[in-house]
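Enquirer: Show me how the following folds:
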Amino acid sequence: MPLDAICLAAIKQELSERITGHKIDKIYQPESDVIVFAIRGVSGSRKLLISAGSGDARIHLTDFQFENPPSPPMFCMLLRKHLIGAKIIELIQYPFERVLELKLEAPDAMGVYSEKSLIIELIGFKANIVLTDNSKVIIDCLRRVGGEADGKRMTLPGLLYYPPQAQTEKLNSLEVSNELWSTLFKNASENIVSKWLLSNFAGFSPLICREISWRAYGDTEAQFASINDGGEALKKEFFEITADIRAGKYEPVMLTGENGVPADFSYKKIFQYENALTMRVEPSFSEMLDNFYTRRAQENRVRQRASATVKSVKTARDRIVRKLAAQYEELKKTADREYLRECGDIITANMHNMSKGQKILEAEDFYSESGGIRKIPLDQLKTPQQNAAKYYKKYTKAKTAEKFLAELIEHGEKEHEYLESVLETLTLAEGERDLNEIRGELVQTGYLKSQKQGKVKLEETSFLKFVSSSGFKIFAGRNNVQNDKLTLKTAMRNDIWLHAQKIHGSHVIISCAGAEPDEATLNEAAMIAAYYSAARQSSNVPVDYTLVKNVKKPSGGRPGMVIYVNYKTMYVTPDEAKINQLKL
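Expert: Numbers count the residues shown, from 1 in each chain. Take a look at the predicted model:
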């Protein structure tokens, strides 16, 4: 669900307790519609994320590591100019609106402090971030709106800030009396209860309206015609929720689908999905929103940026698949080469009975265990000797073709396997640097052309780092080049190497430092290997593990390809929440 006004009230309540009094140290704009503040206070350092995306507008604390652009956008530079060193004084939510104002005490160039406001409008495709001075004059905004002739609210530097128009057609849910409720219920024009709630009461999202209907009548699509209690059950559920809202009783509830994938969230426990979705109470609203939005948004952005590379790799893979199919077909044709040699032998043995111009030789088949006659087609224009030579030549050609086809097929299968592994690493990429490393690998292997953009050195990304519950350091490669570097150059001979069995994925290393890892560490490392592989969404994934000294690079092997011996196998089910806890 998108953030509704009441869910924003719950977030505002949580943030007020955690960031009021903090100072803004750094400001980043990793995406065009995302601002990240690094803030610090007596309770430590935190990161505050503000998104004005059309489908993921939100504000919350985050632990996510963002990749910033080489040069900051203009709006980011402006925020740095006005807000670096600013103190967060207060958070104010406009009544029953998805608008939150951060009141700030910010120093100017001379060190004189003055009040400024950062107004965050989380209103769907109209979402915006506006910086104003103490008189509410707009200094600048993320999205400038104005100049239209249709009377739209203008948001431009130098103008006085006006908040979005309130929903005057709806009632304040917290101010509805019993008498007003009864009147509204009797005069209801909607047929479906949840739609009636949504159209009459401000602050409630469709999810909460359906939940009230379900709690009252066990049906999210309950109709007025089927209500036989005068609406008493509906009124009871409505006033219970509004009482909790007045008291500030909120719960960060995540609803997850198959394999724990986030499907929805709320500030109240949601029962309407029954067993279709799993309900889980999160430690905080910030963690809930971080889990629901941030990773998914980042994955979508990376997927978009990787689309051209993915297309190139898939094109190369499909070309190899077609070539392999043709080579396998050719290889089938070489299977009867012995028959050709036998025909040559039979012709040679029967030359004394043959003559030029003969169309078919019918002779005893001394290669058949049951005997019999073999009919061999002949070329009328050739002598018996030439016909025998023709069959021997075809045999030699088929034999040679089998040898070369086998080599070509082996090479093609390795290339196919390599490209599949690249496609898998593209799905695991977490940012532009990861994508650039993979593109560089594809340039080295000849699948992409080098882009001549001058001598720009890309910053190399580090391995994925974890620490087990027993304190052992665990590392995982992000792509094939990193896998080679981690396994063949970085890891010590007596470290433990893990990889999902016969599945494309990351190489994982348990840094043992001379100690033997316990069962818990092995299990956690195996979960990491399974999670960062093509079997991420599977259960009981086989993971092989052995000492690093038992792992070698095959001659001519592509990046990421290794062979290993003396290994053991364990079966694990990847647990994303557990892996995130181990991640550094």
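Enquirer: ok, residue 145 - how many residues close by?
Expert: 14 (other C-beta atoms under 10 Å). To be clear about C-beta, it is placed using only N, CA and C from the backbone, and glycine gets the same treatment.
Enquirer: Next one: it from residue 51, what distance?
Expert: Applying C-beta to C-beta, to the nearest Å, the value for residue 145 to residue 51 is 18 Å.
Enquirer: got a pLDDT number for the nearest residue to residue 137 once chain neighbours are set aside?
Expert: If the residues on either side of it in the chain are set aside, residue 137 comes closest to residue 160, at 5.9 Å by C-beta to C-beta, 6 or more residues apart in numbering. For residue 160, the pLDDT comes out at 94.
Enquirer: Spit out the contact partners of residue 160.
Expert: Residue 160 sits next to 135, 136, 137, 138 when contact means C-beta atoms under 8 Å, 6 or more residues apart in numbering.
Enquirer: so of the residues you listed, which ones are in strands?
Expert: With DSSP state E as the criterion, strands contain residue 138 from among the contacts of residue 160.
Enquirer: Out of the contacts of residue 160, which end up buried?
Expert: Neighbour counting with 16 or more other C-beta atoms under 10 Å marks residue 138 as buried within the contacts of residue 160.
Enquirer: which stretches of the stretch 101-250 of the chain form strands?
Expert: Per DSSP state E, counting those that start in this stretch, the stretch 101-250 of the chain carries strands over the ranges 113-121, 128-132, 138-141, 171-172, 201-202.
Enquirer: which of those sits most buried?
Expert: strand 128-132 (a mean of 23; mean count of other C-beta atoms under 10 Å).
Enquirer: Format the contacts of residue 160 as a markdown table; extra columns: distance to residue 186 and pLDDT.
Expert: Shown next, in a markdown table, are those (distance: C-beta to C-beta, whole Å; pLDDT from 0 to 100):
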| residue | distance to residue 186 | pLDDT |
| --- | --- | --- |
| 135 | 48 | 93 |
| 136 | 43 | 94 |
| 137 | 48 | 95 |
| 138 | 46 | 95 |
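Enquirer: Make a markdown table from the contacts of residue 160 and add distance to residue 40 to it.
Expert: Shown next, in a markdown table, are these (distance: C-beta to C-beta, whole Å):
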| residue | distance to residue 40 |
| --- | --- |
| 135 | 29 |
| 136 | 28 |
| 137 | 29 |
| 138 | 28 |
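Enquirer: Which members of the contacts of residue 160 are the farthest-apart pair?
Expert: 135 and 138 (10.2 Å; C-beta to C-beta).
Enquirer: Against which helices or strands is the lowest-mean-pLDDT helix or strand in the chain packed?
Expert: Least confident helix or strand of the chain, by mean pLDDT, DSSP states H and E, is helix 432-444 with a mean of 83. In terms of contacts (3 or more C-beta pairs under 8 Å, 6 or more residues apart in numbering; DSSP states H and E), helix 432-444 is packed against helix 295-333, helix 384-428, helix 480-484.
Enquirer: Please identify the deepest-packed of those helices.
Expert: helix 480-484 comes out most buried of the helices and strands packed on helix 432-444 by mean count of other C-beta under 10 Å, with a mean of 23.
Enquirer: which other residues reach that one?
Expert: In contact with helix 480-484 (C-beta under 8 Å, 6+ apart) are residues 418, 421-422, 425, 437-438, 440-441, 461, 463, 477, 506-507, 553, 558-561.
Enquirer: now do 6 Å
Expert: 441, 477, 507, 559, 560 (C-beta atoms under 6 Å, 6 or more residues apart in numbering).
Enquirer: Ok, stretch 465-476 next?
Expert: For stretch 465-476, using C-beta under 6 Å, 6+ apart, the contacting residues are 463-464, 486, 506, 508-511, 517-518, 520-521, 524-525, 528, 532, 582-584.
Enquirer: cool, stretch 112-119 as well?
Expert: So stretch 112-119 is contacted by 101, 102, 103, 104, 105, 106, 107, 130, 131, 132, 133, 134 (C-beta under 6 Å, 6+ apart).
Enquirer: Now that we have those, which of them are buried?
Expert: Buried, going by 16+ other C-beta under 10 Å: 101, 102, 103, 104, 105, 106, 130, 131, 132, out of the contacts of stretch 112-119.
Enquirer: Double-check the last one against residue 161; I have them as touching.
Expert: Yes: Residue 132 is within contact range of residue 161, at 5.0 Å (criterion: C-beta atoms under 6 Å).
Enquirer: Find the residues that touch each one of these two.
Expert: Jointly contacting residue 132 and residue 161 under the rule C-beta under 6 Å, 6+ apart are residue 138.
Enquirer: Stretch 465-478: end-to-end distance?
Expert: 10 Å (C-alpha to C-alpha, to the nearest Å).
Enquirer: shaky segments in the stretch 51-200 of the chain?
Expert: 147-151, 167-168 (pLDDT under 70).
Enquirer: Apply 90 and report the result again.
Expert: 53-56, 63-71, 95-97, 107-113, 123-126, 145-154, 164-176, 178-179, 181-191, 199 (pLDDT under 90).
Enquirer: Please report how far the closest residue to residue 558 other than its chain neighbours lies from residue 257.
Expert: In space, and not counting its chain neighbours, residue 558 is closest to residue 418: 4.1 Å by C-beta to C-beta, 6+ apart. Applying C-beta to C-beta, the value for residue 418 to residue 257 is 33 Å.
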